[in-house]
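Asks: Make a model of this:
(2 chains)
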Protein chains: 2
Amino acid sequence: MPGKEVVVVGESEWQSLKLLTAVEDEFGGLNVEMADQPMDAAVFAIKLRASISCWRLQGKKGVWMKIPIEQSSLVDAAVKEGFWYHHAEPNYLMLLYWLPQGAHSLPGNATHRVGVGAFVMNDRRELLVVQEKYGFFRGKGIWKLPTGVVDEGEDIFAAAVREVKEETGVDADFVEVLAFRQSLKSFFQKSDLFFVCMLRPRSFDIQIQESEIDAAKWMPFEEYAAQPFIQKDELMNNVVDICLEKIDREYSGFTLMRSTSSISGKKRYLYLNSSSLEIRSNMLVGPRI
Amino acid sequence: MPGKEVVVVGESEWQSLKLLTAVEDEFGGLNVEMADQPMDAAVFAIKLRASISCWRLQGKKGVWMKIPIEQSSLVDAAVKEGFWYHHAEPNYLMLLYWLPQGAHSLPGNATHRVGVGAFVMNDRRELLVVQEKYGFFRGKGIWKLPTGVVDEGEDIFAAAVREVKEETGVDADFVEVLAFRQSLKSFFQKSDLFFVCMLRPRSFDIQIQESEIDAAKWMPFEEYAAQPFIQKDELMNNVVDICLEKIDREYSGFTLMRSTSSISGKKRYLYLNSSSLEIRSNMLVGPRI
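Replies: The predicted structure is shown next:
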């Protein structure tokens, strides 16, 4: 049984107490992974109090404590010691403690969900549209663009390509972000960013995703745009106008440039208007029309 | 004392048991607010088990349970009953239970943090730059664009204007999103979307934010661009090129259009390239250059 040595802990006995294991970060903070050190709630409470005192003496700042859901019995003790919640994922809770006096300067939680809609048109001026099984549009007979949510760790352009493939079976290449909109506090006080992406189809046979989609087809663009629901909705109408501009005139959205950060060394994508840019180069990726 | 009537609960006694109070949502789900019904953990455990059985018989689907941090003693019992974490904010934890057989179809948590950087130039081709007190750039002597994080419930363009005002005291109007980049899994598996915004200054006197900023000034753009750190960083170099294109040539970013959704009735902003758009109208807001 872990922690058996701790029965009564007085001020003078702290030095002999085995504290919680913590890993230092580059900002003077500590990271505590409870998955690596299982113990029961009573032992945890004693060790935590002693550890906090010790960390404070050491001049540490923020303490990040990750408690896996299997150890949910520890949550209450951490809160009673002064921890608060930073974020949670299905299988863990991250708690936070700020040791110095005054307000903390630690980064907040994620604030946005990101969605994509795909504008995919063939050479016959037909748009790839779907009818959804669930959600607001269910059973309303409305034909709409394939849409979906960007997964954690997924690029926006890749999400658009994936959603089209999943929902309709059509292979397509990313061309541009035509526009985006932000909806504030649209779920649990979080906001929503939605990117309308133009894709160019590489295949045309439709195979629908049975679990989410009732129907999919290539539909004349004007027929899509004439649907009463689209006509009535200012935002959807604006998107129709943008798509028409893109097809018939000179609209330039944001395409992709692969770029490396010297800070992280990671490759990332920059979305920008490359049509008017002199720096067009081999860094630009994906097809352009 | 709440729930005193519950001592032993057998199958036959469920009907006399006061269940947890839950509010139905439009998707066949239930919302349970524990802040409205305080009770101790033992009573909660009994009521929760009975409530789940009842809700299952009623054909309910997802159960969303919001437990304020003051009631953290209830978390363990909820997890033991099969709830998992959906998300957490500093003062509460949202747990989730899926009553039907099979995988749930409920929306996930927020996945992105959103940041802004502001490109603000005066008529003398001087750029508004700062040196930060904290973070990666601390003590490196690097002059950089004012940057910041978009608050929950805040528009991107408004965040850019606010950050410039806070850090430097300069009033400015939003002009365009010049580009944006997405960094995958940049903190706690979450991603980061960063929008480079062009603003037009309305005032020029600088008053720095003592808490976060060491120095701020108007600096000749070419001097900013010539800093070794900027030169070395591919991404920052790309942004310099975009800014130069914007000043000297024909670059069009995404400006704002206010648009109303007929679904939610809410006003939102669409970010789009209006320079090539025939639908330019009084819906377009903010100054254009």
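
Asks: Can you check the pLDDT for A:D25?
Replies: For A:D25, the pLDDT comes out at 85.

Asks: can you check A:D171 too?
Replies: The per-residue pLDDT reported for A:D171 equals 98.

Asks: again with A:L17
Replies: 69.

Asks: A:G153 now?
Replies: The model's pLDDT for A:G153 equals 88.

Asks: Do a quick rundown of the strands in the stretch 151-289 of chain A.
Replies: Taking DSSP state E, counting those that start in this stretch, the strands of the stretch 151-289 of chain A run over residues A:172-187, A:190-201, A:213-220, A:255-260, A:267-272.

Asks: is the second one anywhere near chain B?
Replies: Pointing back at strand A:190-201 there. Yes: against chain B, strand A:190-201 shows contacts by Cβ under 8 Å from any Cβ of the partner chain at A:190-191, A:193. In short, each C-beta sits where N, CA and C put it, glycine included.

Asks: and if you look at the first one?
Replies: Yes: using Cβ under 8 Å from any Cβ, a contact is recorded between strand A:172-187 and chain B, made by A:178-187.

Asks: Pull out the buried positions in that strand.
Replies: Within strand A:172-187, the residues that count as buried by 16 or more other Cβ atoms under 10 Å in any protein chain shown are A:172, A:174-184, A:186.

Asks: from these, which has minimum pLDDT?
Replies: Least confident of these in the model: A:S186, at 79.

Asks: For it, which non-adjacent residue is closest in space?
Replies: Nearest non-adjacent residue to A:S186, counting by Cβ to Cβ, 6 or more residues apart in numbering or on different chains: A:D192, 4.4 Å away.

Asks: so which of the strands of the stretch 151-289 of chain A gets nearest B:P90?
Replies: Set against B:P90 and scored by Cβ to Cβ, the strands of the stretch 151-289 of chain A come closest in strand A:190-201, at 14.2 Å.

Asks: Name the member of the residues of strand A:190-201 next to chain B with the shortest distance to chain B.
Replies: For these, the minimum distance to chain B (Cβ to the nearest Cβ) is 4.4 Å, reached by A:K190.

Asks: Hmm, A:T111 and that closest one touching each other?
Replies: Yes: counting by Cβ atoms under 8 Å, A:T111 is a contact partner of A:K190 at 5.9 Å.

Asks: Overlap in contacts, these two.
Replies: Common neighbours of A:K190 and A:T111, counting by Cβ atoms under 8 Å, 6 or more residues apart in numbering or on different chains, are B:110, B:152.

Asks: For stretch A:187-203, give the mean pLDDT please.
Replies: When pLDDT is averaged along stretch A:187-203, the result is 92.

Asks: again, but for stretch A:261-276
Replies: 82.

Asks: ok, that stretch near chain B or not?
Replies: Yes: applying Cβ under 8 Å from any Cβ, one finds stretch A:261-276 in contact with chain B at A:261-264, A:266, A:268-273, A:276.

Asks: Most neighbours of all those, which one?
Replies: Neighbour counts for these peak at A:L272, which has 30 neighbours (criterion: other Cβ atoms under 10 Å in any protein chain shown).

Asks: Low-confidence regions, the stretch 101-250 of chain A specifically.
Replies: Counting by pLDDT under 70, the stretch 101-250 of chain A contains no low-confidence residues.

Asks: Next, count neighbours for A:D123.
Replies: Residues near A:D123, counting by other Cβ under 10 Å, number 7.

Asks: before we move on, what about A:Q101?
Replies: Neighbourhood size, A:Q101 [other Cβ under 10 Å]: 5.

Asks: now do the one 5 residues further on
Replies: Other residues near A:L106 number 13, with proximity taken as other Cβ under 10 Å.

Asks: list the contacts for the nearest residue to it once chain neighbours are set aside?
Replies: Excluding the flanking residues, the one nearest A:L106 by Cβ to Cβ, 6+ apart is A:G62, at 5.1 Å. Contacts for A:G62 (Cβ under 8 Å, 6+ apart) come out as A:27-30, A:96-99, A:104, A:106.

Asks: that older thread, next up, the contacts around the residue nearest to A:S186.
Replies: A:112-115, A:182-183, A:186.

Asks: I'd like the distance from A:K267 to A:C197, if you could.
Replies: Distance of A:K267 to A:C197, given as Cβ to Cβ, to the nearest Å: 20 Å.

Asks: between these two, who's got more neighbours?
Replies: More crowded of A:K267 and A:C197, by other Cβ under 10 Å: A:C197, with 27 against 13.

Asks: is it true that that one touches A:E176?
Replies: Yes: with contacts counted by Cβ under 8 Å, A:C197 reaches A:E176, the gap being 7.1 Å.

Asks: by contact count, what packs against the lengthiest helix in chain A?
Replies: In chain A, taking DSSP state H as the definition, the longest helix is helix A:41-57. Under the contact criterion of 3 or more Cβ pairs under 8 Å, 6 or more residues apart in numbering or on different chains; DSSP states H and E, helix A:41-57 touches helix A:75-80.

Asks: which outside residues touch the helix it packs on?
Replies: Helix A:75-80 is contacted from outside by A:41, A:44-45, A:48, A:65, A:67, A:93, A:95, B:69, B:72-73, B:75-76, using Cβ under 8 Å, 6+ apart.

Asks: hmm, try it at 10 Å
Replies: Helix A:75-80 is contacted by residues A:32, A:34, A:40-49, A:63, A:65, A:67, A:69, A:83-85, A:93, A:95-97, B:41, B:67, B:69-76, B:79, B:93 when judged by Cβ atoms under 10 Å, 6 or more residues apart in numbering or on different chains.

Asks: buried sites along stretch A:190-202?
Replies: Neighbour-count burial for stretch A:190-202, counted by 16+ other Cβ under 10 Å, picks out A:190-201.

Asks: what does stretch A:202-220 give?
Replies: By neighbour count on 16+ other Cβ under 10 Å, the buried set for stretch A:202-220 is A:204, A:206, A:208-209, A:212-213, A:216, A:218-219.

Asks: which of those residues come close to chain B?
Replies: Among these, the residues that sit close to chain B (Cβ under 10 Å from any Cβ of the partner chain) are A:E212.

Asks: For the buried residues of stretch A:202-220, work out which two are farthest apart.
Replies: Most distant of the buried residues of stretch A:202-220, by Cβ to Cβ, are A:F204 and A:E212, 20.7 Å apart.

Asks: and the residue nearest to A:L106, what are its bridge partners?
Replies: On the basis of DSSP bridges, A:G62 is bridged to A:W98.

Asks: Settle this for me: A:R162 is touching A:T147, isn't it.
Replies: No: counting by Cβ atoms under 10 Å, A:R162 does not reach A:T147; the two are 11.9 Å apart.

Asks: Quick check: neighbours shared by the two?
Replies: Joint contacts of A:R162 and A:T147 (Cβ under 10 Å, 6+ apart) are A:116, A:118.

Asks: Mind listing the shared neighbours of A:C197 and A:E176?
Replies: By Cβ under 10 Å, 6+ apart, the residues touching both A:C197 and A:E176 are A:119, A:157, A:253-254.
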